[in-house]
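Q: Quick one: sequence plus predicted model below, questions after.
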Number of protein chains: 2
Amino acid sequence: MAYELFYWPGIQGRGEFVRLALEAAGADYVDVSRQDDGAAMMRLMKSGRTPSFAPPFLRLGDRTVGQVAAILAWIGPQLGLAPNGDSDRAWLNQIQLTLADLVAETHDTHHPVDLMAYYDDQKPEAARRAQGFRDHRINKFLNWAEQVLARNPAGPHWLVGDRLTYADLSLFQVVEGLRYAFPTATARVTGDTPHVAALRDRVAALPRIQGYLNSSRRIPFNEDGIFRRYPELDG
Amino acid sequence: MAYELFYWPGIQGRGEFVRLALEAAGADYVDVSRQDDGAAMMRLMKSGRTPSFAPPFLRLGDRTVGQVAAILAWIGPQLGLAPNGDSDRAWLNQIQLTLADLVAETHDTHHPVDLMAYYDDQKPEAARRAQGFRDHRINKFLNWAEQVLARNPAGPHWLVGDRLTYADLSLFQVVEGLRYAFPTATARVTGDTPHVAALRDRVAALPRIQGYLNSSRRIPFNEDGIFRRYPELDG
């Protein structure tokens, strides 16, 4: 039985965190909206017993789960991308949610005051929000991830235990995204977070991830997604 | 063995979602920072094997877990506030994360462009952000919750299944908070979301919750928390 992923067809966005898990595990899945331009997604989002507030959501058989961290906590064990034990899974979930906070703050840099208006309609506000993000938040989040790696009793190769989990894939994606959107500001930080930089490279070198990144299934970063390159917001 | 909750001592904030679960279950817990003004919290936050990015976090024995939704997913089964089965728990987690998004958007109404500055330093931007929140988001979130209740196969009394879960407690808290911070805007919505309004009342009438709300353990809403009453942002 194949997983069916429902997400906006033209962007990596939050769907990418789910895609990376499915790809890393070699799971059988369909990226539904890329075949029908989102038609089934919009129907499904408002129907069914477990309606999602927003994409992405993932269907397996008769179950549909939304919210990235909930999807990953659900499929992580199925895909071999989560540790055993409730406490270690709680720790993995905590890491994922902290990365989700960073993703949300990244989004707010280009949409600080009006979620429904264009970036062009809120550029002065975005400039102010992005400054605080560059000066205080990228640094704080990536240093926290560095500490998580440094303190892992199994060593700094992976965030939790001695094996790849879905949070490693998400940290890879966040670093990629920050390097795309804020290349100058991010470069100031990653020199001081060597474990994070090494993890990014380790994930990129996983054969299935390497294959995915080189395929047409990987949508390029663009200025409709969460990580947007607006040079005036970097620096 | 008692749970130890670590959170800022003077506000409900995100800690309140954890407090409500502990209180509803009659769990043995210590609200540590209210006894030492946050000293142990600040020490712990930066130490240990599973460092938290921010409060709240909860300790039980030698395990510490942060991030509200991760804490609740971890202790929900221990406290009898979660259903059985991975799929139903994923659905519960999805609901909790959607409520967390609403909480984050509420926070952004008074801090849209600078997380580290005061509200007074970003009032015009807050006015714009709050307008979109009032006009589009409160309505969208509470109507989604109404649908979740209406479509519950076990009936509209609780969000998941036929028993109280931690998400019901969180929805109660969100409605309370919105009524405090945006009384006018929220009243426009809750008349059209009768299941949500009834759930709020049902939770408030639970004997342990009633006892908690009437105790000094319940910190009143105030303008240092997430739900702040700034009349100029309501309307």
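A: Structure received. Because the structure is predicted, anything quoted here is derived from the model rather than measured. Numbering: from 1, shown residues only, chains lettered A, B, ... in the order given.

Q: Find the nearest non-adjacent residue to residue A:10, please.
A: In space, and not counting its chain neighbours, residue A:10 is closest to residue A:224: 6.0 Å by CB to CB, 6 or more residues apart in numbering or on different chains. For glycine as for every other residue, the C-beta is placed from the backbone atoms N, C-alpha and C.

Q: right, and the one you found touches residue A:11 too?
A: Yes. Counting by CB atoms under 8 Å, residue A:224 does reach residue A:11; the two are 5.1 Å apart.

Q: So between the two, which is more surrounded?
A: residue A:11 (19 against 12; other CB atoms under 10 Å in any protein chain shown).

Q: Give me the spatial nearest neighbour of that one, chain neighbours excluded.
A: Here the residue nearest residue A:11, using CB to CB, 6+ apart, is residue A:225, at 3.9 Å.

Q: Could you tell me the end-to-end distance of stretch A:128-138?
A: End-to-end distance for stretch A:128-138: 15 Å, by CA to CA, to the nearest Å.

Q: ok, which stretches of chain A are helices?
A: A:15-24, A:33-36, A:39-45, A:68-79, A:86-110, A:123-132, A:138-151, A:166-181, A:183-190, A:194-204, A:207-213 (DSSP state H).

Q: what does stretch A:145-154 contact?
A: A:95, A:99, A:156, A:158-162, A:171, A:192-196, A:199, B:48-51 (CB atoms under 8 Å, 6 or more residues apart in numbering or on different chains).

Q: what mean pLDDT would you report for that stretch?
A: The predicted model gives stretch A:145-154 an average pLDDT of 97.

Q: Alpha carbons only: can I get that stretch in CSV?
A: Coordinates of each C-alpha in stretch A:145-154 appear next as CSV, following Å, rounded to 0.1, in the frame of the first residue of the first chain:
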residue,chain,number,x,y,z
ALA,A,145,21.3,21.9,17.3
GLU,A,146,25.1,21.9,17.7
GLN,A,147,24.7,21.2,21.4
VAL,A,148,22.2,18.5,20.8
LEU,A,149,24.7,16.8,18.5
ALA,A,150,27.7,17.4,20.8
ARG,A,151,25.8,15.9,23.8
ASN,A,152,24.5,12.8,22.1
PRO,A,153,25.9,10.0,24.2
ALA,A,154,26.2,7.9,21.0
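
Q: just how off-centre is that stretch within its chain?
A: 20 Å (CA atoms, centre = their mean, to the nearest Å).

Q: same check, this time on stretch A:110-125
A: Computed by CA atoms, centre = their mean, the separation of stretch A:110-125 from the middle of its chain amounts to 22 Å.

Q: again with stretch A:15-26
A: Worked out by CA atoms, centre = their mean, stretch A:15-26 lies 10 Å from the chain centre.

Q: quick one: residue A:6 and residue A:33 touch, right?
A: Yes. Contact criterion CB under 8 Å: residue A:6 and residue A:33 qualify, at 6.0 Å.

Q: quick one, domains of chain A?
A: A:3-79, A:86-206 (automatic domain parsing).

Q: how about these in TSV, adding distance to residue B:229?
A: As requested, those are exported to TSV (distance: least, CB to CB, whole Å):
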stretch	distance to residue B:229
domain A:3-79	26
domain A:86-206	20
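
Q: Show me what counts as buried in stretch A:155-174.
A: Neighbour-count burial for stretch A:155-174, with 16 or more other CB atoms under 10 Å in any protein chain shown as criterion, is recorded at A:156-161, A:164-174.

Q: the bottom helix or strand of chain A by mean pLDDT?
A: When the helices and strands of chain A are scored by mean pLDDT, DSSP states H and E, helix A:39-45 comes last with a mean of 91.

Q: ok, and does that helix reach over to chain B?
A: No. Contact between helix A:39-45 and chain B is absent, the nearest approach being 10.1 Å (criterion: CB under 8 Å from any CB of the partner chain).

Q: Pull out the buried positions in that helix.
A: If you call a residue buried by 16+ other CB under 10 Å, then helix A:39-45 has these buried ones: A:41, A:44-45.

Q: tell me what it is packed against?
A: In terms of contacts (3 or more CB pairs under 8 Å, 6 or more residues apart in numbering or on different chains; DSSP states H and E), helix A:39-45 is packed against strand A:3-6, strand A:57-60.

Q: Could you confirm whether the first one reaches chain B?
A: This points to strand A:3-6. No. For strand A:3-6, no contact with chain B is found by CB under 8 Å from any CB; the gap never falls below 13.3 Å.

Q: same thing with stretch A:54-68?
A: Yes. Judged by CB under 8 Å from any CB, stretch A:54-68 and chain B are in contact via A:63, A:65-67.

Q: now do stretch A:176-184
A: No. Between stretch A:176-184 and chain B, judged by CB under 8 Å from any CB, nothing touches; the nearest distance is 15.9 Å.

Q: repeat for stretch A:106-115
A: Yes. Remark: stretch A:106-115 sits within contact range of chain B at A:108, A:112-115, by CB under 8 Å from any CB.

Q: what pLDDT does the closest residue to residue A:109 other than its chain neighbours get?
A: Distances taken as CB to CB, 6+ apart place residue A:130 nearest to residue A:109, at 4.3 Å, with adjacent residues excluded. If you check residue A:130, the pLDDT there is 97.

Q: Kindly report the same for residue A:209.
A: The model's pLDDT for residue A:209 equals 98.

Q: same deal with residue A:219?
A: 98.

Q: Could you point out which residue ranges in chain A have low pLDDT?
A: For chain A, no stretch has pLDDT under 70.

Q: Please repeat the previous calculation with a cut-off of 80.
A: For chain A, the stretches with pLDDT under 80 are A:46.

Q: pretty sure residue A:101 contacts residue B:53?
A: Yes. Using CB under 8 Å, residue A:101 makes contact with residue B:53 at a distance of 7.3 Å.

Q: So for these two, which residue has more residues nearby?
A: Set residue A:101 next to residue B:53 and count neighbours by other CB under 10 Å: residue B:53 wins out with 22 against 16.

Q: residue contacts, the more buried one?
A: A:98, A:101, A:140-141, A:144, B:66.
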